[in-house]
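Colleague: pasting the sequence and the predicted coordinates here, then a few questions.
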Amino acid sequence: MMRSDRAKKGLENAASRALLYACGITREQMEAPFIGIANAFTDIVPGHVGLNELARAAEQGVAAGGGVPFQFGVMAICDGIAMGHPGMFYSLPSRELIADTVESMAMAHALDGLVLLTDCDKITPGMLMAAARLDIPAIMVTAGPMHSGRLRGKPLSLVRDTFEAVGRVQAGVMDEAELAELEIEACPGPGSCQGMYTANTMACLTEAMGMSLPGCGTALAGMADKRRLAYNSGKQLMKLVEQDITTRQIITKASVRNAIRMDMALGGSTNTALHVPAIAHEAGLDIALETFDEISQATPQICKLRPAGDYMMEDLHWAGGIPAVLSSLADLVEDNPTVSGSTIKQIAAQGQVSNDDVIRSVDNAYAPQGGIAVLRGSLCPEGAVVKQIAVSAKMRKFRAPARCFDSEEAAMEAILADQIPDGSWAIIRYEGPRGGPGMREMLNPTAALTGMGKEESIGLLTDGRFSGGTRGPCIGHISPEAAAGGPIALVQDGDEIEIDLDERRLDLLVDEAELQRRRAAWQPPQPKVTTGWLSRYARLVSSAAQGAVME
């Protein structure tokens, strides 16, 4: 019996069949599996402007495999466009809306399987959360990375050549005419931003998790290969439906660990410390934040893409992509089934590295540990996260006084006015999941500091989060957050704070008696948003240490 039979079989479903016939369904198609094509197409997100073309290819694959495809729309937010203004409040919360939308459409229409068309930061994890929650046959198709830009022969990427360029203009080392040239050349067309930022990190982790076909995570947007992947994904989904291979048979503890290991090997975004636990939660798995650090300490970093290095996603793809990275990791990979029908170890065995500097061997790694470190200490009893590969050696151990800001806007104003002394910590608080609300990314402040040449003299601490494009001593996800009364709410200007990355420590150097006095005087802030969806989100969201999932 098919799942869709409950909406189309039996005398009691005569009206349902009449409505389906109104959509153009034939009597023959009524007997076939019903497949949802969750399409996050929109005209305003570069990673998603090409999804309609992939949807058509996926539909053809589903039909070739004997299914009936039905497209439905899913929202998408571009973090780059939403950055630095109230739009970013909606970015992380949109992940929950995306998961709820896919769940609602699949359950309401009794779909037998899903092809999930996605690309950018919150859309990919949101769709994976829905697939894990529903536990029906599902396959992911990510639209692919954008090609690098070019200006007078120099390769360009969004973060380094626009976000960080703002700081260079402010520092007087670049003029606005050059910035205007970069703006129009940095992003030459469709696709997710060109480095190992959040969107591309999640696409690569989706492939390593076994939820997309081999090659899908790195195949470039707009290329014929990506259309073939979409067609083959639709066709392969029909095999999953026939064999009733559901999402939770693919998303297991081993596949989640493989995804985290891939993140560490690639030097991916710290946002995975929010998204992977949230996906695991929907799959009924308990993945603690410490799992990231455990795997990081046992996994060398074998790729160095922007922002930590100079290679682009296109370089990773032509070097062999995720199968090649899996082959280099070899015995570190835990075997697990994938949507392709091959196990992950079989895919790793077939991977071939064609450029051994883009994808290095474990014995010749860029760093002995992975890209992310999880910190504990008196400032972050529940944990904090840092992209350690993007922190210079001199800043791995850093003690400095704090300069406190209660919003991103206040911090950005001080940064651009050069009001934060070298040898300081800039603290941006009340930007956590509840306090933001929505845990905004802090790419504008971090990129400005980097562009101004301050990445080795000023550190940044926040209960918010960072873009995958952030580099420098930037520690996010500080938990408990300020709005929940965490220690970050008690910091005052001039307090000494010390980080020791090797020891995985982040401490507020204020004695406990003084902290108790401050805690007694602290008052919870009034909610920033009291109406609409964000007010509900702020009341229901959990700590960043638990993936900022809705309770």
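Modeller: Structure's in. What do you need?

Colleague: test my guess that residue 347 contacts residue 341.
Modeller: No. When contacts are counted by C-beta atoms under 8 Å, residue 347 is not listed as touching residue 341 (10.3 Å). Glycine gets a C-beta too; all of them are placed from N, C-alpha and C.

Colleague: tell me which of these two has more neighbours.
Modeller: The neighbour comparison of residue 347 against residue 341 (other C-beta atoms under 10 Å) goes to residue 347, with 22 against 13.

Colleague: tell me the contacts of the residue nearest the centre of the chain?
Modeller: Centroid-nearest residue in the chain: residue 198, 3.9 Å away (criterion: C-alpha atoms, centre = their mean). Shown in contact with residue 198 (C-beta atoms under 8 Å, 6 or more residues apart in numbering): 79, 121, 269, 271, 272, 467, 468.

Colleague: among the residues you listed, find the lowest-pLDDT one for me.
Modeller: In terms of pLDDT, residue 468 ranks lowest among the contacts of residue 198, with 80.

Colleague: neighbours of it, how many?
Modeller: Applying other C-beta under 10 Å, we find 27 residues neighbouring residue 468.

Colleague: got CSV for the contacts of residue 198, with secondary structure and distance to residue 519 too?
Modeller: As requested, these are exported to CSV (DSSP: H, G, I helix; E, B strand; the rest coil; distance: C-beta to C-beta, whole Å):
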residue, secondary structure, distance to residue 519
79, helix, 34
121, coil, 35
269, coil, 33
271, coil, 30
272, helix, 32
467, coil, 32
468, coil, 34
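
Colleague: greatest separation within those residues: which pair is it?
Modeller: 79 and 272 (14.5 Å; C-beta to C-beta).

Colleague: my read: residue 109 touches residue 36, true?
Modeller: Yes. If you go by C-beta under 8 Å, residue 109 and residue 36 touch, sitting 7.2 Å apart.

Colleague: next up, phi/psi of the nearest residue to residue 64 once chain neighbours are set aside, please.
Modeller: Excluding its sequence neighbours, the residue lying closest to residue 64 (C-beta to C-beta, 6 or more residues apart in numbering) is residue 235, at 5.3 Å. With angles defined as degrees, to the nearest 10, residue 235 sits at phi -70, psi -40.

Colleague: okay but residue 235 is in contact with residue 69, surely?
Modeller: No. Look at residue 235 against residue 69 with C-beta under 8 Å: they stay out of range, at 11.2 Å.

Colleague: mutual contacts of those two, please.
Modeller: residue 62.

Colleague: these two - which one has more neighbours?
Modeller: Shown here are residue 235 and residue 69; by other C-beta under 10 Å, residue 69 has more neighbours (22 against 19).

Colleague: any idea how far the residue nearest to residue 140 when sequence neighbours are not counted lies from residue 339?
Modeller: Excluding the flanking residues, the one nearest residue 140 by C-beta to C-beta, 6+ apart is residue 212, at 4.3 Å. According to C-beta to C-beta, to the nearest Å, residue 212 and residue 339 sit 7 Å apart.

Colleague: hey, what's in contact with both of the two?
Modeller: 139, 140.

Colleague: between residue 109 and residue 36, which has more neighbouring residues?
Modeller: The neighbour count for residue 109 versus residue 36, taken as other C-beta under 10 Å, is higher for residue 36 (22 against 17).

Colleague: tell me, what's the model's pLDDT at the more buried one?
Modeller: For residue 36, the pLDDT comes out at 98.

Colleague: next structured bit after the helix or strand containing it?
Modeller: Assigned by DSSP states H and E, residue 36 falls within strand 34-39. Remark: after strand 34-39, the chain's next helix or strand is helix 51-64, criterion DSSP H and E.
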